[in-house]
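> Predicted coordinates and the sequence they were generated for:
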Amino acid sequence: MTPPVKGDGMRGLSVFISDIRNCKSREAEVKRINKELANIRTKFKGDKTLDGYQKKKYVCKLLFIFLLGHDIDFGHKEAVNLLVSNKYTEKQIGYLFISVILNHESDLMRLIIQNIKNDLSSRNPIFITLALQCIANIGNKEMADAFAQDIPKLLVSGDTLDSVKQSAALCLLKLLRNSPEIMPTGEWTTRIIHLLNDQHLGVVTAACSLIDILVKRNPEEYKACVSLAVSRLSRIVTSTYTDFQDYTYYFVPAPWLSVKILRLLQNYPPPDDPSIKSRLNECLDTILQKAQEALKSKKLQHSNAKNAVLFEAINLIIHIDSEPNLLVKACNQLGQFLSHKDTNLRYLALESMCLLATSEFSHDAVKKHQETVINALKTERDISVRQRAVDLLYAMCDRTNAEEIVKEMLGYLETADYHIREEMVLKVAILAEKYAVDYTWYVDIMLNLIRIAGDYVSEEVWYRVIQIVVNRTDVQGYAAKTVFEALQAPACHENMVKVGGYILGEFGNLIAGDPRSSPLIQFELLHSKYHLCSPQTRCLLLSTYVKFINLFNEIKPQIQHVLKQENNLKSSDVEIQQRSVEYLQLSMIADADVLATVLEEMPSFPERESSILSSILQKKKPPSDLANQQQKEEKVEKVEKTVMNGQNYETGPKIQTVNNNNQIDLIGLNATPPSNKTQTVLTSTTPVKSDQEALLDIFGGPVPVVAATVPPVQANLDSLFSDTFGVPTQRIASPVQEIPQFIPILSIQDNHIQFVFKNADILFENESIKILSKCEYKQNLARLSLTFMNKSNFVYQNFSVQPILGNDSIRVLPRPLDSNVLQSQSQLIQILNCECVNDFSQLPQVLVQFSCNGTQSRFELNLPIFLNKFFDPAQMDSQTFFSRWKNLGNPGQEQQKIFKANYPIDKDRNSQILVSFGWSSLSGIDPNPENFCGAGIIYTSTQQYGCLYRLEPNRQAQMYRLTIRSNKESISKRLIELLDNQF
């Protein structure tokens, strides 16, 4: 590009820019700009004698004003007129204005295209380059259609200068990305491929990028590029840096071109021609050998360029996957990088070794570095490197090292970063199942997994545990015993309760002979967790109880007493209420034979591929737009209706099915998908006339009507009891349906209080929207994930979640939403990063807004973040505890409350509540063994606050005295409020 002409400095533009910079306020700047715009407008309208220099100067000023953020609605025609000039600087400013400011739908576009064609056909290479740059900058369909033939001609013409060929190749690349239909074919193919043989490496580099995108669109037509690419790569690799003086970067010959060629070759399988294949292998071997040589420079640029070529060569070796010698050499080279001081190199080495571990030729070579990878998992500071180490351990695992790797991953899981725990849980679950030789080991691993990372154990994981235990009779007794012991822990995760409820409900009889796990003890142990569980888990436990009636008739009165309790029969949750009533009536009316039939042991699940594996594979899909959309849709489906081996969990009117095998799915996890033989069961308000009417119509209300082809007893039993564990009984909606109308949401009553003792659950739900909350805490920091699920058939527009200011004690920083549109039956996830600045009693809030069908919904949502969530339990001996207790005896530091017990006084239950709240439970501290003592530290960004508690139950009077001491009065008061009514 030619330098500016001497004396062409545009002094007026320099003065104007200086004036703008000297403005002291925004108002002064706007005033100066408006004055200049008025002057330019007057010059363009009134002065017909403006020469090219003056037009260029004024157009430059307009361009500068536009870059300052002001709209420019005139001067377009004058900028287009500059394209006709034969002066480089004037033509350059004209093209720049058109590329940056001009609307591509402008009426002037035809005139612009004509001027561009004139420049492309000129003999001045500078003008041709300017025109090509403008075409690429605009790059719309109109440009693509207009120059689809002209640019390839320039590219392959023998008369075109090398610099112009480079610009033409890059311009065509830009147009192809926006308009793939203009892809050159036929006679152009061979001529474009032969650009790889051009003597000018700049042309080859530009052409390589162009050919790469052409190959991806039509690989068969451009297959001939492989031999030329290998030939060019060979010449670069075997040369020295002195052979390419103009294209050597810190002693590395043409590193960018080498990388582009290596990537181009990854679009094709290994060459069929033995000579080409041999030459390619020699090139790759040479690159690996050069990596072992001493560095020619200590500068970072040299090692970066050298390693860029090396890693791309390794990617090609992995892609070919047919040369054991190269694969092992690549693995050894990457192994050296695992202990390199550069974090980026360690990351790339781990990432590449993950791919090498999948090859049968290099898997054993990768396994040699197992100890190094485990050490990286424990000692790396960078989270991304630790995540790649987890991926590599997963990839290198086989039957010979599975137990050791799973043990290390479980150990790391306890301290792992929050955002990789869910993926680690899936990987541990897959490895434990895939390489389990002794299934007692599998059971131990999975129960440990739930204990360590229960919040991250998805439903697919614990469903799979149930499936395997049900299908393997040799492990059922062991699983029942192990889960019984796990449930005895003071703090037990809800997923452990689900697994324990299911397994004990099915196989509790296998351990009932031991006095330590008698039927009554099993029941009392499960029921001690009942009040802390979500409604879904309570439903499962109720199903376990009714199964106990069939297994252990001696505890039938205790179970019936629970089913009769008012908080079950009159529960606000319809499902709990319905199950309690139905199970109670079933236990009272049905005889032993009917109970044995209805509540018989679950049959084995059909063997099929684990759904956990599909979950982990979805996380590794390429991030294409289509794939991303598909993953989002699949994720929505999993949240809206949990799918487990063909059985859909839904909550709405539907048609029920009965399988011909007459097996009743009492657990709600029917793994057999409906086949062509499945028969339909319709529900109706017409009573059934059958011999079983007294049994089936136990409520005196309507009972199901069964299709004639289905046996009446079986169909009615299925309708009433087939969904014992998971799905509510369904009703078919009335045939006459009104067109639904969206009712705006202006206020809500959320369920935030239940989050005092849990971190994940449903925060709010109605017929239009469901809000799930999941939170992770670490000292004074919290990460809250709000999932908004659209349950309606409407689309929610302009969706936003904004923190409500006013609570300075807790800082809430939202991440941007992926979209502001919440589609029907879809979801949006809002991530909120929170910091506890000081102690607080008022919950932080967010304002949720969206519009639907012209109506605006706007409501405040309490974030379920309580002060006790920033607790860390503290351990201490008796002397230290009472010494600190006395030190915190000043007025205002102690809060005490005496209250009547709301629940039967149960030592295990009280201990579990206190531990779930965040306290430590210090046994043997208090002289009275019935009392509870403990300590904790509340973390804020300003200070740490030590807290002590003492809970004194009085069984005779059914009273409690709760005392809390801390070095701040407001903290003691708030903790007393949160624990109120929990005992």
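Nice, thanks for sending it over.

> residue contacts, residue 862?
Contacts were defined as Cβ atoms under 8 Å, 6 or more residues apart in numbering; by that measure residue 862 touches 750, 752, 843-845. To be clear about C-beta, it is placed using only N, CA and C from the backbone, and glycine gets the same treatment.

> partner residues bridging it?
Beta-bridge partners of residue 862, counted by DSSP bridges, are residue 845.

> want to throw the contacts of residue 862 into JSON lines with pLDDT?
Supplementary listing: these in JSON lines, determined by pLDDT from 0 to 100:
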{"residue": "750", "pLDDT": "71"}
{"residue": "752", "pLDDT": "75"}
{"residue": "843", "pLDDT": "86"}
{"residue": "844", "pLDDT": "88"}
{"residue": "845", "pLDDT": "87"}
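
> can you list those residues in JSON lines and add neighbour count?
As requested, the contacts of residue 862 are arranged in JSON lines below (neighbours: other Cβ atoms under 10 Å):
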{"residue": "750", "neighbour count": "20"}
{"residue": "752", "neighbour count": "18"}
{"residue": "843", "neighbour count": "18"}
{"residue": "844", "neighbour count": "23"}
{"residue": "845", "neighbour count": "17"}
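
> Domain map for the protein?
220-320, 322-396, 746-865, 868-980 (the TED database).

> Of those, which is nearest residue 492?
Between residue 492 and these, the tightest spacing by Cβ to Cβ is seen for domain 868-980, at 7.0 Å.

> what's the distance between that closest one and the middle of its chain?
If you compare the mean C-alpha spot of domain 868-980 with that of the full chain, they lie 38 Å apart, counting by Cα atoms, centre = their mean, to the nearest Å.

> Ok, stretch 760-778 next?
That offset, for stretch 760-778, works out to 17 Å (Cα atoms, centre = their mean).

> got it, and stretch 266-273?
The chain centre lies 35 Å from the centre of stretch 266-273; the measure is Cα atoms, centre = their mean.

> Which positions within that stretch qualify as buried?
By neighbour count on 16 or more other Cβ atoms under 10 Å, the buried set for stretch 266-273 is 267-268, 270-271.

> follow-up on the earlier one: just put the domains of the chain in CSV and tack on distance to residue 512.
Compiled in CSV, those are given as follows (distance: least, Cβ to Cβ, whole Å):
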stretch, distance to residue 512
domain 220-320, 55
domain 322-396, 39
domain 746-865, 31
domain 868-980, 20
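
> Indicate which one of these is closest to residue 166.
When the domains of the chain are compared for distance to residue 166 using Cβ to Cβ, the nearest one is domain 220-320, at 12.4 Å.

> For the stretch 451-600 of the chain, just list every one of the helices.
When assigned using DSSP state H, counting those that start in this stretch, the helices of the stretch 451-600 of the chain occupy the ranges 459-471, 473-486, 494-507, 519-527, 535-551, 556-564, 566-569, 574-589, 592-598.

> Please work out which of these is packed deepest.
The highest mean neighbour count among the helices of the stretch 451-600 of the chain, using mean count of other Cβ atoms under 10 Å, belongs to helix 494-507: a mean of 25.

> Show me what it is packed up against.
Under the contact definition 3 or more Cβ pairs under 8 Å, 6 or more residues apart in numbering; DSSP states H and E, helix 494-507 sits against helix 439-453, helix 459-471, helix 473-486, helix 519-527, helix 535-551.

> Could you dump those into a markdown table with mean pLDDT and distance to residue 299 added?
Supplementary listing: the helices and strands packed on helix 494-507 in a markdown table, determined by pLDDT from 0 to 100; distance: least, Cβ to Cβ, whole Å:
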| stretch | mean pLDDT | distance to residue 299 |
| --- | --- | --- |
| helix 439-453 | 91 | 45 |
| helix 459-471 | 90 | 49 |
| helix 473-486 | 92 | 57 |
| helix 519-527 | 92 | 67 |
| helix 535-551 | 91 | 61 |
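
> closest to residue 830 out of those helices?
Minimum separation from residue 830 across the helices and strands packed on helix 494-507 (Cβ to Cβ) falls at helix 459-471, 22.1 Å.

> Out of the buried residues of stretch 266-273, which is nearest to residue 933?
Of all the buried residues of stretch 266-273, the one sitting nearest residue 933 is residue 267; the distance, using Cβ to Cβ, is 68.6 Å.

> give me every residue that touches the closest residue to that closest one other than its chain neighbours.
In this structure, residue 267 finds its nearest non-sequential neighbour in residue 215, 4.8 Å apart by Cβ to Cβ, 6 or more residues apart in numbering. Neighbouring residues of residue 215 by Cβ under 8 Å, 6+ apart: 222, 225, 264, 267-268.

> Sweet, I'm off.
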